[in-house]
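Trainee: Turn this into a structure:
(6 chains)
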6 protein chains.
Amino acid sequence: MPYVNIKVTQEGGPNGIGPSPEEKAQLVAGVTDLLEKVLNKSPATTFVVIDEVPLDNWGMRGQQVSHIRAAQS
Amino acid sequence: MPYVNIKVTQEGGPNGIGPSPEEKAQLVAGVTDLLEKVLNKSPATTFVVIDEVPLDNWGMRGQQVSHIRAAQS
Amino acid sequence: MPYVNIKVTQEGGPNGIGPSPEEKAQLVAGVTDLLEKVLNKSPATTFVVIDEVPLDNWGMRGQQVSHIRAAQS
Amino acid sequence: MPYVNIKVTQEGGPNGIGPSPEEKAQLVAGVTDLLEKVLNKSPATTFVVIDEVPLDNWGMRGQQVSHIRAAQS
Amino acid sequence: MPYVNIKVTQEGGPNGIGPSPEEKAQLVAGVTDLLEKVLNKSPATTFVVIDEVPLDNWGMRGQQVSHIRAAQS
Amino acid sequence: MPYVNIKVTQEGGPNGIGPSPEEKAQLVAGVTDLLEKVLNKSPATTFVVIDEVPLDNWGMRGQQVSHIRAAQS
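Mentor: Okay, the predicted model is just below:
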């Protein structure tokens, strides 16, 4: 009965604001499949929760991703 | 000083989009009361955080809940 | 399909090192029951995960709980 | 390679709805700096994620913060 | 820069007490690969954290997994 | 009433197995102080929880940290 939480930034995807519903479906299917293959976990009791985080709310290297992206563009 | 995080999908409730403020109040009161009764934890230092997750972002059985609900209806 | 995470400190309980297996069973049953009563969530797909945290690893008021407890005794 | 998650209520800040982008930048920089000073962790691999929680979704003393704030005002 | 947290029970694996180091390596590689393929996320900034949870501390159907397993055997 | 969760690997510190109690105390005090200075949050209701993660259970660049460290030494 695994529980998986995936956090990604709200960027990329078809509209530049994060993963599309279809991409999220691929994440859910892919992670569930991985846990079944590697650990024999049943898909019936595998939960996957995806969190999408605004660029101002994610920091790396001591800076917000919004700031890092602005410097890159 | 317990910390409790409750994650639910954005469905159900009076408007079909998740728990109402009153239902959230019942969750907060109920969990806090449970921790006091079972473990003698003080309500003064019991935190409860409720996260509401879009149906596209929650997976079970390798599928998004949005997909599961559409197949059920 | 709720997911609930309960974090408590490793203290109290019958041996002073945290909740007993029976107390954990009461937490699991109580939270699952609460979600069914308030939000009509099915117990079959309600997950509860309990984390027990060492007193040195939990801070409140800017101090470790281990320090707070030593000052109280 | 630390991972830090900061959860705050959606209140306070310049508009009363939570921290401003500049305040979030200070949290990111401050936490990253703290981990470098205390544990010699590299800022390059320090992640900080800030979650802003609605007042109805945060409970303390068995009550929602929205209720506590209304009683205080 | 995704962050992924995988929680599994301490069971299964080569010794019946949870995933082996090699199985954990497969989870890390598999999830990182999935995020690169689906969302074009760089492996350099993909973090994966695996938590192993005692059977007494994981509940499903209102019961501890330790209880469910005992009833199954 | 902030809640902060800090996850670090079980390495470094005075014994090479992670932060000492004194270093954890500095993290707790430093984060609590930061939230008071930046957001005027009361230390009385600021919780900090530190999780220490085994090197086999933390992945980066698609590899376990235990593997990365072995390749570096």
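Trainee: what ranges do the strands span in chain A?
Mentor: Under the criterion DSSP state E, chain A contains strands at A:3-9, A:47-53, A:58-60, A:63-64.
Trainee: What mean pLDDT does the longest helix seen in chain A get?
Mentor: Counting residues, the longest helix in chain A under DSSP state H turns out to be helix A:21-39. In this model, helix A:21-39 has an average pLDDT of 98.
Trainee: Any part of it near chain E?
Mentor: Yes. For helix A:21-39, a contact with chain E is found by CB under 8 Å from any CB of the partner chain, at A:E23, A:Q26, A:L27, A:G30, A:V31, A:L34, A:L35, A:K37, A:V38, A:L39. To be clear about C-beta, it is placed using only N, CA and C from the backbone, and glycine gets the same treatment.
Trainee: rewinding a little: can I get the strands of chain A in JSON lines with mean neighbour count, distance to D:N57 and mean pLDDT?
Mentor: Output for the strands of chain A, formatted as JSON lines (neighbours: other CB atoms under 10 Å in any protein chain shown; distance: least, CB to CB, whole Å; pLDDT from 0 to 100):
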{"stretch": "strand A:3-9", "mean neighbour count": "23", "distance to D:N57": "17", "mean pLDDT": "98"}
{"stretch": "strand A:47-53", "mean neighbour count": "21", "distance to D:N57": "14", "mean pLDDT": "98"}
{"stretch": "strand A:58-60", "mean neighbour count": "25", "distance to D:N57": "21", "mean pLDDT": "98"}
{"stretch": "strand A:63-64", "mean neighbour count": "22", "distance to D:N57": "24", "mean pLDDT": "98"}
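Trainee: hmm, back to that, buried among the residues of helix A:21-39 next to chain E? Need that as a selection in ChimeraX.
Mentor: The buried subset of those, as determined by 16 or more other CB atoms under 10 Å in any protein chain shown, is captured in ChimeraX by this line:
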select /A:23,27,30,31,34,35,38,39
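Trainee: So A:L27 sits against A:V49, correct?
Mentor: No. In terms of CB atoms under 8 Å, A:L27 does not count as a neighbour of A:V49; the distance is 10.5 Å.
Trainee: Count the residues that sit near the closest residue to A:G13 other than its chain neighbours.
Mentor: Once flanking residues are discounted, A:G13 sits nearest to A:P19: 4.8 Å by CB to CB, 6 or more residues apart in numbering or on different chains. A:P19 sits with 26 neighbouring residues when counted by other CB atoms under 10 Å in any protein chain shown.
Trainee: For A:P19, grab phi and psi.
Mentor: Dihedral angles of A:P19 (phi, psi; degrees, to the nearest 10) stand at phi -60, psi 140.
Trainee: May I have the beta-bridge partners of the closest residue to chain D within chain A?
Mentor: Here chain A gets closest to chain D at one residue, A:G59, 3.1 Å apart by CB to the nearest CB. Beta-bridge pairing for A:G59 (DSSP bridges): A:Q64, D:V48.
Trainee: Distance of it relative to F:P2?
Mentor: 15 Å (CB to CB, to the nearest Å).
Trainee: Same question for A:L27.
Mentor: Distance from A:L27 to F:P2, by CB to CB: 29 Å.
Trainee: Please name the residues that touch the residue of chain A found nearest chain B.
Mentor: Using CB to the nearest CB, A:V28 is the residue of chain A that sits closest to chain B, at 3.1 Å. By CB atoms under 8 Å, 6 or more residues apart in numbering or on different chains, A:V28 lies in contact with A:V48, A:I50, B:G59, B:G62, B:Q63, B:Q64.
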